[in-house]
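S.K.: Structure, please.
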Amino acid sequence: MWFCSQLGAREHYAVPRALFRQGALGHLITDAWVSPASLLAKVSSRTSEVRDRFQSELRDARVTAFNSSLILFEMLAKTRRLRGWPLIMARNQWFQRKVVDYLSSSRFSVLGSQPILFAYSYAAMEIFRFAKARGWKTVLGQIDPGPVEEEIVAAEAEREASLAPDWTRAPADYWKSWRTECDVADRIIVNSQWSFDALVGTGIPREKLSIVPLAFENNVPSVLPKKYPRRFTAARPLRVLCLGQINLRKGIARLLKAARSFQAQPVEFLMVGPVQINIPDDSRSNQKLRWFGPVARNKVRNFYEQADVLILPTLSDGFALTQLEAIAHRLPVIASRRCGEAVIDHVNGLLLEEPTGAAVEEALRSCLRNPGQLAQFSENATLSERFSLSYLGTQLCTVAS
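M.R.: Model prediction:
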């Protein structure tokens, strides 16, 4: 039996869902779990973050959450004006303490000879220590390429200081804790070859690592390929979707540089997600750049439907789930090779060998000149079995065997 420790609603609870389908999920322990019928859901109906802390497929699973304690923690953190890295680390430590306290209590029981404990990186050290002391097997879900990614973003922050003057490195204790997690873990799951190579480069034994891509299953009816005009015009421009965190790591500096060259062209950029940079004056006033800010999860589909192509000039990512969501909506993708293997070059989108501004501009010009190419990409945009929950569940059970 697997026990999943999960802080947040990462990947729409894909790991516990996949294990539940396999009949292998013993218990999901998470920070918040809000049934739609609960009082908390009703009083927080306008807060998407709370509303999303539930997954109907796990309705009959054994789930433990710390709703009241989480609310208290967040209130105290706000009172103490915690933000940035201090808040992230305090939340990770709070969650680990709650999980260990629960696992140590009489309310928790273990069935089976050797449980398997799964936890995500940066919130696993104390939980793994508890599990290993009891002879349990431990599996770490590594969410990103680790310290290598920080070095990449640090270099970008130095080059683009005006965009993110407040960017800071993680504290040394953050990485020290992560090293301990990796040491204690029996297996480490990464989601892409990019992450695999990055972790090996930092000294993690390759025999500990397994590549298992993210999973995504669309809960909307069958989607037809997109319709494109014979040519893009001012009345019907090429609509480029940038969705997710808008920050240096996601390549926003490169995208903004490329966007400047399209001011006289029929191209429109839909910028959707939390903005974590100082938007340059010329980008803020550029009518071709439309800034929407954060959008509720149930509204994201509208943007996939409006857009002609998704752009991901990512400098580093463990795996960009938005690729799978876009492909599920038959939306072609322009992506770097540093965010997971979902795009097949010139089949369902375009791959950037390097996420430079020039490469982004060239890819966008190719789309602008060739609407028919985008139509073919949309025709080919279907998710393979490799990104299904059933495949994820099988791979997880194989990794732990």
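
S.K.: what stretches of the stretch 201-350 of the chain score poorly on pLDDT?
M.R.: Residue ranges of the stretch 201-350 of the chain with pLDDT under 70: 220.

S.K.: where do the strands sit along it?
M.R.: Secondary structure of the stretch 201-350 of the chain by DSSP state E, counting those that start in this stretch: the strands cover 209-211, 238-243, 267-272, 289-293, 309-312, 333-336, 349-352.

S.K.: Next, format those strands as CSV and append mean neighbour count and distance to L28.
M.R.: Any C-beta I mention is one placed from the backbone N, CA and C, and that applies to glycine too. Below are the strands of the stretch 201-350 of the chain laid out as CSV (neighbours: other C-beta atoms under 10 Å; distance: least, C-beta to C-beta, whole Å):
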stretch, mean neighbour count, distance to L28
strand 209-211, 18, 21
strand 238-243, 24, 27
strand 267-272, 22, 30
strand 289-293, 15, 31
strand 309-312, 28, 30
strand 333-336, 26, 31
strand 349-352, 23, 34
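
S.K.: As JSON lines, those with distance to D52 would be great.
M.R.: Output for the strands of the stretch 201-350 of the chain, formatted as JSON lines (distance: least, C-beta to C-beta, whole Å):
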{"stretch": "strand 209-211", "distance to D52": "27"}
{"stretch": "strand 238-243", "distance to D52": "16"}
{"stretch": "strand 267-272", "distance to D52": "17"}
{"stretch": "strand 289-293", "distance to D52": "17"}
{"stretch": "strand 309-312", "distance to D52": "21"}
{"stretch": "strand 333-336", "distance to D52": "24"}
{"stretch": "strand 349-352", "distance to D52": "27"}
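
S.K.: Out of those strands, flag the one nearest F377.
M.R.: Across these, F377 has its closest neighbour in strand 349-352 (5.6 Å, C-beta to C-beta).

S.K.: gap between that closest one and the chain center?
M.R.: 19 Å (C-alpha atoms, centre = their mean, to the nearest Å).

S.K.: what's the following helix or strand after that strand?
M.R.: Next along the chain after strand 349-352, taking DSSP states H and E as the criterion, comes helix 357-369.

S.K.: could you say what helices and strands that following helix packs with?
M.R.: With contacts defined as 3 or more C-beta pairs under 8 Å, 6 or more residues apart in numbering; DSSP states H and E, the packing partners of helix 357-369 are strand 238-243, helix 252-260, strand 309-312, strand 333-336, strand 349-352, helix 371-380.

S.K.: Check which residues of it are buried.
M.R.: G357, A359, V360, E361, A363, L364, R365, C367, L368 (16 or more other C-beta atoms under 10 Å).

S.K.: Leaving out chain neighbours, which residue sits closest to the first one?
M.R.: Excluding its sequence neighbours, the residue lying closest to G357 (C-beta to C-beta, 6 or more residues apart in numbering) is K257, at 3.8 Å.

S.K.: Thank you kindly, that will do.
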